[in-house]
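Chemist: Using only what follows, build the 3D model:
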Amino acid sequence: MHGIILTKFKDFVVDTYDRKMWTTLQREADLPSRLYVPVEEYPDEDVFALLDAASELTDTSVPDLLEAFGEYLVPPLLETYGVHVERDWTGLELIANIKAFHRALREKNISTYTTPKVETGWRDSETVSVIYRSERQFCHLARGLILGVSDHFDEPYEISEPTCMHEGDGECEFLVRQVANV
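Modeler: Sure, this is the predicted structure:
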């Protein structure tokens, strides 16, 4: 797992709960005093251990934690990789062009770190299809990222998920449709 995800997960825990929660979470995950650096890579097991510990300590399901974390991630990711976003894009256009972010991340690939496979395409003028494939099966994080884009751009979306890896499908597909701002 790329270090930027782990450093932002730490920020999420500290901002949502407090610094003591992060220390407790690391201890419970059997990763005491482990420092995460954005440009390094870490075993996926670290992420899974931290998520399991966070779920146990906060009495929140891992899917709910991943979704909340995804929402939290959007502003810092846009700050870091915003150069790949056209100034006049709407949030839905950003989602339709998410490959620009993945291309930027893959260009920084220094060894074995892999981003999920993401494909996007317009279904119609108000709906984007997002297909997510990853051995990590963090589709709840992907849903949270979509919700974070919705919040950031103040664009309400209706999100459906006709296929999901957690239901035995080979991929997750999200259909993201812009709805009228009420």
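Chemist: Every contact and neighbour count from this point should use C-alpha atoms.
Modeler: OK.
Chemist: Tell me which stretches of this structure form strands.
Modeler: Here the chain has its strands, by DSSP state E, at 117-124, 127-133, 157-163, 172-178.
Chemist: Mean neighbour count, these: which tops it?
Modeler: Among these, ranked by average contacts under mean count of other Cα atoms under 10 Å, first place goes to strand 172-178 (a mean of 23).
Chemist: Quick one: mean pLDDT over that strand.
Modeler: For strand 172-178, mean pLDDT rounds to 96.
Chemist: mind exporting that strand as PDB, just the C-alpha atoms?
Modeler: Written as PDB, here are the backbone C-alpha positions of strand 172-178 (Å, rounded to 0.1, in the frame of the first residue of the first chain):
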ATOM      1  CA  CYS A 172     -17.600  -3.500  -8.600                       C
ATOM      2  CA  GLU A 173     -19.500  -1.100 -10.800                       C
ATOM      3  CA  PHE A 174     -20.900   2.100  -9.500                       C
ATOM      4  CA  LEU A 175     -23.400   4.100 -11.600                       C
ATOM      5  CA  VAL A 176     -23.100   7.700 -10.500                       C
ATOM      6  CA  ARG A 177     -25.900  10.000 -11.600                       C
ATOM      7  CA  GLN A 178     -26.100  13.700 -10.900                       C
END
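Chemist: so what does that strand touch, helix or strand wise?
Modeler: Counting contacts by 3 or more Cα pairs under 8 Å, 6 or more residues apart in numbering; DSSP states H and E, strand 172-178 packs against strand 127-133, strand 157-163.
Chemist: Direction included, what does that strand pair against?
Modeler: Strands adjacent to strand 172-178 in the sheet, as given by DSSP bridges, are strand 127-133 (antiparallel), strand 157-163 (antiparallel).
Chemist: State which helix of the chain is the longest.
Modeler: Assignment by DSSP state H gives helix 62-81 as the longest helix of the chain.
Chemist: how far away is Leu35 from Glu155?
Modeler: Distance, Leu35 to Glu155, using Cα to Cα, to the nearest Å: 36 Å.
Chemist: who has more neighbours, these two?
Modeler: A count of neighbours by other Cα atoms under 10 Å puts Glu155 above the other of Leu35 and Glu155, at 17 against 10.
Chemist: The more buried one contacts Gly91, doesn't it?
Modeler: Yes: between Glu155 and Gly91 a contact is recorded at 6.9 Å, counting by Cα atoms under 8 Å.
Chemist: which residues are common contacts for the two?
Modeler: Common neighbours of Glu155 and Gly91 (criterion: Cα atoms under 8 Å, 6 or more residues apart in numbering): Val149.
Chemist: In contact with Val130, which residues are there?
Modeler: Here Val130 is in contact with 95-96, 118-121, 173-176 (Cα under 8 Å, 6+ apart).
Chemist: Mean pLDDT per helix and strand in this protein: which one sits at the bottom?
Modeler: helix 99-107 (a mean of 62; mean pLDDT, DSSP states H and E).
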